[in-house]
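Peer 1: Got a sequence here, can you build the structure:
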Amino acid sequence: MTFEIARGVLIPFVGTSLGAMCVFFMKRGISDGATRALNGFAGGVMVAASVWSLLIPSMSASSAMGRLSFIPAVVGFFAGILFLLFLDKAVPHTHINNQSEGPRSRMGKNALLFFAITLHNIPEGVAIGVVFASFLAGGVDVSLAEATALSVGIAIQNLPEGAIISMPLCPKLGKGRSFLYGVVSGAVEPIAALITILLAELLLPVFPYLLSFAAGAMIFVVVEELIPEMTNGDHSADIGTIMFALGFSIMMSMDVALG
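Peer 2: Below is the predicted model of the structure:
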């Protein structure tokens with residue numbers, strides 16, 4: 001069981017590292033079309049996971065509240081949204097489309113992009129940790145398959161992010177150091193997940209709120225980051241939308257069939 005948990009926690013980190021490896025065998029990184037497809041698929045997976053793996057279990061765990069069992073889900077969800085919104089405004093960073101946000105900073109665009117990706121990797125790590133901790137606790141209706149599926153969906157999203165961090169740094173820092181920066185940007189995910197799992201016993205009374213908090217944080221990432229990126233550029237193929245629907249359908253099916 002320990003192996004399955006460790007594997008699930010490390011899957012997203014592997015996705016970031018594989019993306020960062022583009023510096024060793026690609027000159028231009030992942031194509032725009034592939035990036036839109038991957039972001040669309042990951043967005044669909046994360047939205048479906050937020051509903052079936054996080055919000056519904058949150059309400060199920062609060063069933064003793066009767067008709068008010070939705071309250072922890074709503075409170076936690078908005079807390080996750082507001083927390084990410086606060087970080088988005090408080091930490092200087094730039095998006096993939098070179099749009100800067102947060103306080104003014106003298107850091108270069110590559111450093112700001114690094115902060116942006118690292119910033120939203122933290123709540124994703126917390127989400128993974130909460131789901132696996134819920135599975136271990138046994139009091140929340142979350143299966144190992146659902147938790148692993150969420151990790152895979154986030155790993156898919158991390159593939160282009162690792163390349164986006166490493167590729168622009170290569171001319172200045174060389175392949176080795178550029179790869180290392182990409183890997184470090186994803187290292188916060190397993191760290192955040194492990195901290196959440198280790199604190200599971202202390203956090204058990206507020207697990208319904210944590211589940212919905214993670215859902216809110218992930219929905220913020222999808223709306224703020226993934227949807228704009230999956231629709232950026234040529235809309236003629238609508239590849240991002242198609243892959244979003246595919247990712248949503250697969251994750252929904254897995255949650256229902258394997259839950």
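Peer 1: Sketch out the low-pLDDT regions of the stretch 1-150 of the chain for me.
Peer 2: Under the criterion of pLDDT under 70, the regions of the stretch 1-150 of the chain flagged as low confidence span 1, 27-30, 92-113, 138-141.
Peer 1: and with 90 instead?
Peer 2: Counting by pLDDT under 90, the stretch 1-150 of the chain has low-confidence residues at 1-8, 19-20, 22-46, 48-50, 52-54, 56-58, 60-64, 83-150.
Peer 1: burial measure for the closest residue to residue 46 other than its chain neighbours, as a count.
Peer 2: For residue 46, ignoring the flanking residues on the chain, the nearest one in space by CB to CB, 6 or more residues apart in numbering is residue 218 at 4.9 Å. Placement of C-beta: from N, CA and C, glycine included. Using other CB atoms under 10 Å, residue 218 has 29 other residues around it.
Peer 1: Could you report the pLDDT at residue 218?
Peer 2: At residue 218, the model reports a pLDDT of 87.
Peer 1: Could you report the separation of the residue positioned nearest the centre of the chain from residue 4?
Peer 2: For the chain, residue 124 is the residue whose C-alpha lies nearest the centre (CA atoms, centre = their mean; 3.7 Å). Per CB to CB, to the nearest Å, residue 124 is found 19 Å from residue 4.
Peer 1: Over to residue 44?
Peer 2: For residue 44 relative to residue 4 (CB to CB), the value is 24 Å.
Peer 1: Which one's more surrounded, those two?
Peer 2: residue 44 (27 against 13).
Peer 1: Check which element follows whichever strand or helix holds residue 115 along the chain.
Peer 2: Assigned by DSSP states H and E, residue 115 belongs to helix 109-137. Heading C-terminal from helix 109-137, the first helix or strand you meet, by DSSP H and E, is helix 144-198.
Peer 1: roughly how far out does whichever helix or strand comes after that next one sit from the chain middle?
Peer 2: Where DSSP H and E defines the elements, the next helix or strand beyond helix 144-198 is helix 200-203. In terms of CA atoms, centre = their mean, to the nearest Å, the centre of helix 200-203 is found 22 Å from the chain centre.
Peer 1: Could you pull out the buried residues of helix 200-203?
Peer 2: Buried residues in helix 200-203, counted by 16 or more other CB atoms under 10 Å: 200, 203.
Peer 1: for whichever helix or strand comes after that helix, packing partners?
Peer 2: Using DSSP H and E, the helix or strand that follows helix 200-203 in sequence is helix 207-221. If you count contacts as 3 or more CB pairs under 8 Å, 6 or more residues apart in numbering; DSSP states H and E, helix 207-221 packs onto helix 32-49, helix 56-61, helix 70-90, helix 109-137.
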